[in-house]
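In: Give the three-dimensional model of this entry:
(chains A and B)
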Amino acid sequence: MASVDTHVGHEVQQENWGGGVEPFKASYGKLMMWYFLVSDAFTFAGFLIAYGTLRFSSMTWPLPDFVFAKIPFYSGEAPLIFVTFMTFVLIISSVTMVRAVQEGHHGNKKGVVFWMLLTILGGLTFLGCQAWEWTTLIKGENVSVTRNPFGRHTDDGVYLDASGNETAEIFKAGDSYLIHGHDHHGQVEFDFRKYKVTSGPDAGKVSQLEFGPKAFGALFFFITGFHGFHVFSGVVFLFVIMLNAASGLYHRRGNHYEMIEKIGLYWHFVDLVWVFVFLVFYLL
Amino acid sequence: MLSHEEGIRVVTRGLILLGIITLVEVAIALVGNGHVIHGLYLPKLIMYPVMIGFSLYKAYFIVYEFMHMKYEVPGLAKSVLLPTLLLVWGIIAFFQEGGSWRQRREQIIEKNKENVAAPKPTGWNNVPEDTKSML
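Out: Below you'll find the model as predicted:
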């Protein structure tokens, strides 16, 4: 080992054993934040891989642009628009975080506090949006951890009305449906519409709409909930560190506001996870 | 360390880059699923690799520029990124597993649809007399 370093040689060995040399030239806190993020990445990857496995193993799966099509203040369908807005909110909050770190490197306390405040606002906006999304799904569409009223047809068919006659409403295999529920004496009652299959080996069979794969609701709420929990804890940490910065604590430490860098790593990680949750749940 | 103006320029470039890539991804998803031009569908074989590729690029950009990995010691970068390659193995293994479960489910549905003639009843009718007494 000592033979690799030529002119420094023996002194380097002594220095390293004497301590005070940072591995990878990074401080303890920064290095440990990176390794924590690696572990967190594995946790999220575990969840997302479970999602992929269960989705591939299911005979049908709800179409994301059919399920996630609601936006505030508009009663029509706007597929994927709201969740795209949420993605932009997080991207912008990541950019404001980078600006905060840059201001810290220049020792500009006011700049650090300003840009961190914007990052916190971005995080809170994202949380508000996620809360709206969950409320729409739970209250408006009756999705729960054990129940999924979104499904997809596997055959072509035509809906039947209450007396069993064919209506004008037809559907094709692959079309999505939502089993609507309405409140009935405090309980939710679902409208399992009847339909008749019009093609394929089951043609002529009369059937009823069925709930979609159960795993959909559980996976959606657990994964977005786990991510939302990270956003929430990130906002709390950002707030505490912003107050510390404002009080002059990091200026006194004289380490170029490294704490801002460290919490910035966590915040970018949260954005990074969302990139993949967004891809896997909404785009694919 | 970047100067103030350089820093702002890097950040603006990053914002525009990530923003445009996200919009393109969403556009592909909407166009490919028939929402823009009614009835126009893109093959998933093209859509999926493109969207996954874009997301991987976004991940690279966030880690290397925003999280500063590009400016760190190469050893740090490797010690963080190489373990995540294990996830590639996980993804391949589990997705294959999920596909196999689906195949078995399809097989069950197929078999349930088959019409099989009722087999000749067996049971005690066919057991020879002398063995019955041994039971």
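
In: which ones are touching A:F237?
Out: A:F237 sits next to A:263, A:266 when contact means CB atoms under 8 Å, 6 or more residues apart in numbering or on different chains. Every C-beta, even on glycine, is put in place using the N, C-alpha and C of the backbone.

In: how about a cut-off of 6 Å?
Out: A:I263 (CB atoms under 6 Å, 6 or more residues apart in numbering or on different chains).

In: Report the secondary structure element holding it.
Out: If you go by DSSP states H and E, A:F237 is part of helix A:215-246.

In: Going toward the C-terminus from that helix, what's the next helix or strand?
Out: helix A:249-253.

In: What is that next one packed up against?
Out: Applying 3 or more CB pairs under 6 Å, 6 or more residues apart in numbering or on different chains; DSSP states H and E, we find helix A:249-253 packed against no helix or strand.

In: what's A:S207 sitting at in phi/psi?
Out: Note on A:S207: backbone dihedrals following degrees, to the nearest 10 are phi -140, psi 180.

In: Read off the pLDDT value for it.
Out: Note for A:S207: predicted pLDDT of 91.

In: for A:F150, same thing?
Out: On pLDDT, A:F150 comes in at 95.

In: Specify the local secondary structure of the closest residue to chain B within the stretch 101-250 of chain A.
Out: With CB to the nearest CB, the shortest gap between the stretch 101-250 of chain A and chain B falls at A:Q102, namely 4.3 Å. Secondary structure for A:Q102, judged by DSSP: H, G, I helix; E, B strand; the rest coil, is helix.

In: The residue lying closest to it once chain neighbours are set aside: neighbouring residues, count only.
Out: Distances taken as CB to CB, 6 or more residues apart in numbering or on different chains put B:G7 closest to A:Q102, at 4.3 Å, once the chain neighbours are dropped. Using other CB atoms under 10 Å in any protein chain shown, B:G7 has 18 neighbouring residues.

In: now A:A162
Out: Neighbours of A:A162 under the rule other CB under 10 Å: 7.

In: can you give me phi and psi for it?
Out: Backbone torsions for A:A162, taken as degrees, to the nearest 10, come to phi -60, psi -30.

In: Walk me through the domains of chain B.
Out: Per automatic domain parsing, the structural domains of chain B span B:1-71, B:73-110.

In: An error on my part: the question was meant for chain A.
Out: A:27-144+A:215-283, A:150-208.

In: before we move on, the earlier item: how far out from the middle of the chain is the helix or strand the residue nearest to A:Q102 falls within?
Out: Using DSSP H and E, B:G7 sits within helix B:4-32. From the chain centre to the centre of helix B:4-32 is a distance of 24 Å (CA atoms, centre = their mean, to the nearest Å).

In: Can you mark which positions in that helix are buried?
Out: Residues of helix B:4-32 classed as buried: B:7, B:11, B:14-15, B:18, B:21-22, B:25-26, B:28-30, B:32 (neighbour count, 16 or more other CB atoms under 10 Å in any protein chain shown).

In: mind putting the residues you listed in JSON lines, distance to A:V89 and pLDDT included?
Out: Below are these laid out as JSON lines (distance: CB to CB, whole Å; pLDDT from 0 to 100):
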{"residue": "B:G7", "distance to A:V89": "22", "pLDDT": "84"}
{"residue": "B:V11", "distance to A:V89": "16", "pLDDT": "92"}
{"residue": "B:G14", "distance to A:V89": "16", "pLDDT": "93"}
{"residue": "B:L15", "distance to A:V89": "12", "pLDDT": "96"}
{"residue": "B:L18", "distance to A:V89": "12", "pLDDT": "96"}
{"residue": "B:I21", "distance to A:V89": "16", "pLDDT": "96"}
{"residue": "B:T22", "distance to A:V89": "11", "pLDDT": "96"}
{"residue": "B:E25", "distance to A:V89": "16", "pLDDT": "94"}
{"residue": "B:V26", "distance to A:V89": "14", "pLDDT": "94"}
{"residue": "B:I28", "distance to A:V89": "21", "pLDDT": "93"}
{"residue": "B:A29", "distance to A:V89": "19", "pLDDT": "92"}
{"residue": "B:L30", "distance to A:V89": "19", "pLDDT": "91"}
{"residue": "B:G32", "distance to A:V89": "25", "pLDDT": "89"}
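
In: Could you identify the most distant pair in those residues?
Out: In terms of CB to CB, these reach their longest pairwise distance at B:G7 and B:G32, which sit 37.6 Å apart.

In: in the stretch 151-284 of chain A, which segments are predicted with low confidence?
Out: Across the stretch 151-284 of chain A, nothing is flagged by pLDDT under 70.

In: For A:V240, give me its contacts.
Out: By CB under 6 Å, 6+ apart, no residues touch A:V240.

In: For it, give its distance to A:K109.
Out: According to CB to CB, to the nearest Å, A:V240 stands 16 Å off from A:K109.

In: in the chain, which spans are helices?
Out: Let's take chain A. A:10-18, A:28-57, A:64-67, A:81-105, A:109-135, A:215-246, A:249-253, A:258-277 (DSSP state H).

In: Chain B, not that one
Out: Along chain B, counting by DSSP H, helices occupy B:4-32, B:44-61, B:74-84, B:86-113, B:129-132.

In: and A:V273, how many residues sit next to it?
Out: When counting by other CB under 10 Å, one arrives at 25 neighbours for A:V273.

In: I'd say it and A:A45 touch.
Out: No. At 9.4 Å, A:V273 and A:A45 do not qualify as touching, with contact defined as CB atoms under 6 Å.

In: what's the pLDDT at the nearest residue to A:F24 once chain neighbours are set aside?
Out: The shortest distance from A:F24 to any non-neighbouring residue, by CB to CB, 6+ apart, is to B:L76 (3.9 Å). pLDDT recorded at B:L76 is 95.

In: still on that earlier bit, need the helices of chain A in JSON lines with distance to A:F192, can you?
Out: Shown next, in JSON lines, are the helices of chain A (distance: least, CB to CB, whole Å):
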{"stretch": "helix A:10-18", "distance to A:F192": "71"}
{"stretch": "helix A:28-57", "distance to A:F192": "24"}
{"stretch": "helix A:64-67", "distance to A:F192": "18"}
{"stretch": "helix A:81-105", "distance to A:F192": "28"}
{"stretch": "helix A:109-135", "distance to A:F192": "24"}
{"stretch": "helix A:215-246", "distance to A:F192": "18"}
{"stretch": "helix A:249-253", "distance to A:F192": "60"}
{"stretch": "helix A:258-277", "distance to A:F192": "31"}
